[in-house]
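Engineer: Quick one, fold the following:
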Amino acid sequence: MEKLKKILASTKTTIILFIIILVLSLICKETVVYRFETLASYLYGTDADNKGKLLSTILTAIGGVCDIGIMVE
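Structural biologist: Model prediction:
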């Protein structure tokens, strides 16, 4: 567990992971957008705000994970 914290705390590793995620998202942009729209329609129906609601849910989950991560430290 201690090794994992050291690896993730490294700025270099964080930057590399961010770049990898960014490149993969750019390569698969159409698929990501299609899946996001499909999931939003499935979860929230044909509501005009369905994509915004899904984005809000995703950001809330990310915030919760970060908060738990800070508390563990």
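Engineer: What is the burial count for residue 40?
Structural biologist: A count of neighbours around residue 40, defined by other Cβ atoms under 10 Å, yields 20. The C-beta positions use only the backbone N, C-alpha and C, and glycine is treated the same way.
Engineer: does it count as helix, strand or coil?
Structural biologist: helix (DSSP: H, G, I helix; E, B strand; the rest coil).
Engineer: which ones are touching it?
Structural biologist: For residue 40, the contact set (Cβ atoms under 8 Å, 6 or more residues apart in numbering) comprises 50-51, 53-54.
Engineer: got it, and residue 54?
Structural biologist: 36, 39-40, 43-44.
Engineer: and those residues, which are buried?
Structural biologist: Those of the contacts of residue 54 that meet the buried threshold are 40, 44, by 16 or more other Cβ atoms under 10 Å.
Engineer: for the chain, where's the lowest mean pLDDT among helices and strands?
Structural biologist: Ranked by mean pLDDT, DSSP states H and E, the weakest helix or strand in the chain is helix 2-9, scoring a mean of 68.
Engineer: what residues does stretch 28-36 touch?
Structural biologist: For stretch 28-36, the external contacting residues (Cβ under 8 Å, 6+ apart) are 25, 51, 54.
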